[in-house]
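Enquirer: no FASTA, just this:
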């Protein structure tokens with residue numbers, strides 16, 4: 001089963017990736033720095049995420065601790081696959097061209113892209 005986090009779940013995962021093991025309160029305090037969010041909503045989302053297998057919940061202590069099960073790379077791949085398939089009709093080239101056309105890449109980013117393409121070409 002492929003794990004596909006929603007946008008709200010991704011926001012929570014970003015916090016957990018940043019903090020490591022954390023409580024619902026830890027996550028909630030990070031989330032409210034950037035947007036309005038209710039504590040009970042954060043709690044419910046994290047419980048759903050545990051049920052879906054996106055996070056693991058340690059219930060040994062009075063305060064439950066959560067850790068991410070899905071890696072940042074897995075979440076990025078899932079999101080990119082969804083965007084590529086739904087918005088760009090499966091075309092990786094169209095996705096990359098659109099991304100580069102909408103964002104002014106730094107010279108470091110362009111160098112990294114060139115290096116990746118060279119590695120990709122040498123494998124094929």
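Expert: Sure thing, it's come through. Because the structure is predicted, anything quoted here is derived from the model rather than measured.
Enquirer: now the closest residue to residue 18 other than its chain neighbours: how far from residue 84?
Expert: Closest residue in space to residue 18, ignoring its immediate chain neighbours: residue 30 at 7.4 Å, by Cβ to Cβ, 6 or more residues apart in numbering. Placement of C-beta: from N, CA and C, glycine included. With the distance defined as Cβ to Cβ, to the nearest Å, residue 30 ends up 30 Å from residue 84.
Enquirer: And the helices in the protein?
Expert: 7-19, 24-31, 39-52, 72-87, 92-102, 107-123 (DSSP state H).
Enquirer: These into TSV, with extra columns for mean pLDDT and distance to residue 59?
Expert: Converted to TSV, these look like this (pLDDT from 0 to 100; distance: least, Cβ to Cβ, whole Å):
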stretch	mean pLDDT	distance to residue 59
helix 7-19	95	16
helix 24-31	97	12
helix 39-52	96	10
helix 72-87	90	24
helix 92-102	87	41
helix 107-123	88	42
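Enquirer: most neighbours per residue, which of those?
Expert: helix 24-31 (a mean of 19; mean count of other Cβ atoms under 10 Å).
Enquirer: can you give me the angle that helix makes with helix 39-52?
Expert: Relative orientation of helix 24-31 and helix 39-52, computed by axes from the mean of the first three to the mean of the last three Cα atoms, to 10 degrees: 110 degrees.
Enquirer: So what touches helix 24-31?
Expert: Identification of contacts with helix 24-31 by Cβ atoms under 8 Å, 6 or more residues apart in numbering yields 11-12, 15-16, 18-19, 37, 39, 42-43, 46, 63-64, 66.
Enquirer: What is the distance between that helix and the centre of its chain?
Expert: Between the mean C-alpha point of helix 24-31 and the mean C-alpha point of its chain there is a distance of 17 Å (Cα atoms, centre = their mean, to the nearest Å).
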